[in-house]
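> Here is a sequence with its predicted model. Questions after.
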Amino acid sequence: GAGVSQSPSNKVTEKGKDVELRCDPISGHTALYWYRQRLGQGLEFLIYFQGNSAPDKSGLPSDRFSAERTGESVSTLTIQRTQQEDSAVYLCASSFSPSGSPYEQYFGPGTRLTVT
Amino acid sequence: SQQGEEDPQALSIQEGENATMNCSYKTSINNLQWYRQNSGRGLVHLILIRSNEREKHSGRLRVTLDTSKKSSSLLITASRAADTASYFCAWLSGSNDYKLSFGAGTTVTVRA
C-alpha cells in the first residue's frame, strides 16, 4: 500500500517568505508527527497529532511555526517569515496507534527546505 | 536538542565485514529503536528493544541494551553495499509513549 507522502520534496524560498509543507499519512493511521532534521544531525520532534485530541506542540521552536491536521488525514506545517536557520529537512511520520508500546512510526521522504 | 550521542559519527568498512555503532542516552527509557536513513529518503524502522531486554536479533542485525550504562549498540554482520546509510537510535522515556528522542546518527559506508 501507499506509504507516507510529503510535498514538495524540495523547497527553496527567500528569507521572510511563508512556506507550507504537506504530509499525507498512511490511511488509517491515527497518529501523525512532524520532525526537523538539520544537516548531519538527528531528528528533532516538532508536533504530534493523535485523533481528535489536542496536539502536542511542545517541540515547535517558535511562534512562526504552526501545524494543522484535518481529522485523521492530511497535515500542513506552516513556517511564517522564514529565517535561514529554518533550513532543514522536515520529516513527517504516522503510526497506527501511539499507545500500547511498542509501536512503529512510518516516515515520509521529507521536504528539504532551503531559505536563502 | 540532542539528548544522546552516537559513535562513531562515520564508519567505512569493506563488504563482508561487520559494522558496530553505539548509542548513549541520558534518561531512563521505555524502549530503544534503531532506524536507517538512506540518502535523501525517510527513515526506516529496523528493530526495537524494550528496557527489560538485553539483546535482540533480526536477520543480520544484533542490538544490545545496557540500561545501567544507558547505552545500546547495533551490529550489522556480513555487511553489503546496500547497507550504506545513516543509522539512528531513538528512544521513548518516562511516561511519554510517542515523543521519540534521536541520536545524531552514524554514517556507514560499505565499500564493494
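Sure thing, it's come through. Numbers count the residues shown, from 1 in each chain, chains lettered A, B, ... in the order given.

> Over to the residue nearest to the spatial centre of chain A. Which of the three states is it?
Relative to the mean C-alpha position of chain A, the nearest C-alpha, by CA atoms, centre = their mean, is the one of A:W34, at 2.8 Å. Judged by DSSP: H, G, I helix; E, B strand; the rest coil, the three-state class of A:W34 is strand.

> tell me which element the residue lying closest to it once chain neighbours are set aside falls in.
Closest residue to A:W34 apart from its sequence neighbours, by CB to CB, 6 or more residues apart in numbering or on different chains: A:L46 at 4.2 Å. C-beta coordinates here come from the backbone N, C-alpha and C atoms, glycine included. A:L46 belongs to strand A:43-50 when assigned by DSSP states H and E.

> In terms of secondary structure, what does that strand contact?
Here strand A:43-50 touches strand A:31-37, strand A:65-69, strand A:75-79, strand B:101-102, going by 3 or more CB pairs under 8 Å, 6 or more residues apart in numbering or on different chains; DSSP states H and E.

> B:A82 in helix, strand or coil?
helix.

> Okay, it and B:Q14: tell me how far apart.
14 Å (CB to CB, to the nearest Å).

> Tell me the neighbouring strands of the helix or strand of chain B with the lowest mean pLDDT, and mark each as parallel or antiparallel.
When each helix and strand of chain B is scored by mean pLDDT, DSSP states H and E, strand B:4-7 comes last, with a mean of 84. Applying DSSP bridges, strand B:4-7 is found paired with strand B:19-25 (antiparallel).

> Spell out which residues of chain A are next to chain B.
A:4, A:31, A:33, A:40-45, A:48, A:50, A:56, A:58-59, A:91, A:93, A:95, A:98-102, A:104-110 (CB under 8 Å from any CB of the partner chain).

> Take the residues you listed and keep only those in strands.
If you go by DSSP state E, the residues of chain A next to chain B have A:31, A:33, A:43-45, A:48, A:50, A:91, A:93, A:95, A:106-107 in strands.

> Turn those residues into CSV, columns for pLDDT, neighbour count and distance to A:E14.
Formatted as CSV, these follow (pLDDT from 0 to 100; neighbours: other CB atoms under 10 Å in any protein chain shown; distance: CB to CB, whole Å):
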residue, pLDDT, neighbour count, distance to A:E14
A:A31, 91, 21, 34
A:Y33, 95, 28, 28
A:L43, 91, 29, 26
A:E44, 93, 18, 24
A:F45, 94, 20, 27
A:Y48, 94, 24, 30
A:Q50, 89, 19, 35
A:L91, 96, 27, 23
A:A93, 94, 25, 29
A:S95, 89, 19, 35
A:Y106, 91, 18, 33
A:F107, 93, 22, 28
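
> Find me the pLDDT at B:D97, would you?
At B:D97 the predicted local distance difference test score is 77.
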